[in-house]
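Q: here you go, sequence then predicted model.
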Amino acid sequence: MTPIRRKKMNKQETAAYRIKLEESRRFLSGEIAPFPPIAMVAGSGLGGILDKVRVIKKIDFSRIPFFPISSVKGHKGQLAFASWNKQNIIILSGRKHCYEGQPLSQVVLPVRVLGLLGLKILILTNAAGSLNPYIIPGDIMCITDHINLMFRNPLIGFSPEEWGPRFPDMSDPYDKTLREIALEVALERNIPLKQGAYAGLPGPNYETRAEVSFLGTIGADVVGMSTVPENIVANQMGIRVLGLSYISNSHALKPGSITSHEEVIQNAKLVGDKFISLMDGFMERIGDLMMKENV
C-alpha cells in the first residue's frame, strides 16, 4: 500500500509565503490605520451582517495581494472595516475552504496576516449540521472545543519563530473568558445559546449516515467544513478565539434526510437577528474587557 504524501512547505516555499504575508500586511496597514484588534470571519449565509453595522470601508479580497477568494455561494469575498457598538472591527465576509483545492497555508493566510497586524481577538463563525437532538436548526452554539478530522494541519512544514511556538498548546482553543462573556450576554438578552464540540471535516460532500453515527460517538455535537485550520493558526499566534456555529440542519432530528447548500444558506438566515443582538452585547462587553486588560 502506497503511503499518503501530504504537501508541506519547505524553507524556500516558506520564504515565498512570507513575502505574500508581508505584501498583504503592508497593503492593509496602508488602507486601515490604526488596525483594530478585533476581527470576525462571517461564514456561509452571514454576509448580510454588513448591512447591520456601520461600515467605514470595504475592500474586495481581489484588491488585497494574495488574499484567497472563495468560489462558494454565500461568501462575498470582502473585508470590511466597521464600527460595531462603538468597537472597531474587521469583518471578513467569506473564507476559503480546504475543499476548494488550495493548500491550507493559503486557506489560513488571512488569519496569519491579521495576526501580523496585531489582532488580539478573532470571532470565527460557521454554518454547521447538528448531531445533537438538543441543538436544532436556528440555534447558535458556542464552540467549546473541536475535533480535527480534516487529516491535515496548517502548521505542517517549516515554521518561522515569528509565527509562534512550533508546538502550540490546544487545551483551550476557544477562549474561556470570551465564551463566558457570550453566555452572559445571551442570558441577559434571552437568546438560547447552546454549547458543544465542533467536528471539522474536509468536505465538500455532506456526511453519510455511518459518519453521522461515528461523529456522535466520538463526542461531536455539530459538524462543519471550516474553522478548525483558522483556529489552530490563531492559537499559534496567540490570538484569542470565540467560535460560534449557527445550526443550518440537523442529522439528529432528521436522520438520513437530504442536505443541500441551499438549505444551509436559507437556515443561516434564521439566526440573523439573534446573532446581531448577541454580537451587539458582546462588543459592548469586549470593550470593557480590553480596557481592563489594557489591550
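A: Received, thanks. Numbers count the residues shown, from 1 in each chain.
Q: where does the chain have low pLDDT?
A: 1-9, 47, 72-75, 254-261, 263-265, 268-269, 294-295 (pLDDT under 70).
Q: let's see that with 50 instead.
A: By pLDDT under 50, the low-scoring segments of the chain are 1-4.
Q: where does the residue nearest in space to the middle of it sit: helix, strand or coil?
A: Centroid-nearest residue in the chain: residue 124, 2.9 Å away (criterion: CA atoms, centre = their mean). What DSSP: H, G, I helix; E, B strand; the rest coil gives for residue 124 is strand.
Q: give the contact list for it.
A: If you count contacts by CB atoms under 8 Å, 6 or more residues apart in numbering, residue 124 has them with 40, 41, 143, 227, 230, 231, 234, 241, 242, 243, 244. C-betas here are computed from N, CA, C, even on glycine.
Q: quick check, nearest of the residues you listed to residue 91?
A: residue 40 (5.0 Å; CB to CB).
Q: chain neighbours aside, what residue packs nearest to that closest one?
A: Nearest non-adjacent residue to residue 40, counting by CB to CB, 6 or more residues apart in numbering: residue 123, 4.1 Å away.
Q: list the residues that contact that neighbour.
A: Contacts of residue 123 were listed using CB under 8 Å, 6+ apart, and they are 38, 39, 40, 41, 241, 242, 243, 244, 279.
Q: and residue 90, that's in a helix?
A: No. Judged by three-state DSSP, residue 90 forms no part of a helix; its state is strand.
Q: could you number the chain from 758 rather than 1 from now on?
A: Okay, using 758 as the starting number, the last item reads as residue 847.
Q: please give the element, helix or strand, for the closest residue to it other than its chain neighbours.
A: Nearest non-adjacent residue to residue 847, counting by CB to CB, 6+ apart: residue 796, 4.0 Å away. Residue 796 belongs to strand 795-799 when elements are defined using DSSP states H and E.
Q: helices or strands up against that strand?
A: strand 844-850, strand 878-887 (3 or more CB pairs under 8 Å, 6 or more residues apart in numbering; DSSP states H and E).
Q: got the contact list for the shortest one?
A: Going back to what we said before, that points to strand 844-850. Here strand 844-850 makes contact (CB under 8 Å, 6+ apart) with 789, 792-793, 795-799, 803-804, 806-807, 810, 813, 832-840, 867, 871, 876, 1040-1041, 1043-1044.
Q: report the angle between that strand and strand 795-799.
A: Calculated by axes from the mean of the first three to the mean of the last three CA atoms, to 10 degrees, strand 844-850 forms an angle of 30 degrees with strand 795-799.
Q: name the residues of strand 844-850 that come out as buried.
A: Using 16 or more other CB atoms under 10 Å as the burial criterion, the residues of strand 844-850 that qualify are 844, 845, 846, 847, 848, 849, 850.
Q: cool, stretch 805-822 as well?
A: 806, 807, 810, 816, 818, 821.
Q: centre of the chain to it, how far?
A: Distance, stretch centre to chain centre, for stretch 805-822: 17 Å (CA atoms, centre = their mean, to the nearest Å).
Q: mind listing what the strand holding residue 796 pairs with, with the direction of each?
A: Paired strands of strand 795-799, with direction, are strand 844-850 (parallel), strand 878-887 (parallel) (DSSP bridges).
Q: quickly list what residue 799 is bridged to.
A: Judged by DSSP bridges, the bridge partners of residue 799 are residue 850.
Q: show me where the stretch 758-907 of the chain has strands.
A: Counting by DSSP state E, counting those that start in this stretch, the stretch 758-907 of the chain has strands at residues 795-799, 811-817, 835-841, 844-850, 878-887, 897-905.
Q: including distance to residue 915, could the helices and strands packed on strand 795-799 go into JSON lines?
A: Output for the helices and strands packed on strand 795-799, formatted as JSON lines (distance: least, CB to CB, whole Å):
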{"stretch": "strand 844-850", "distance to residue 915": "26"}
{"stretch": "strand 878-887", "distance to residue 915": "24"}
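Q: compute the first-to-last residue distance for stretch 798-805.
A: Using CA to CA, to the nearest Å, one end of stretch 798-805 lies 13 Å from the other.
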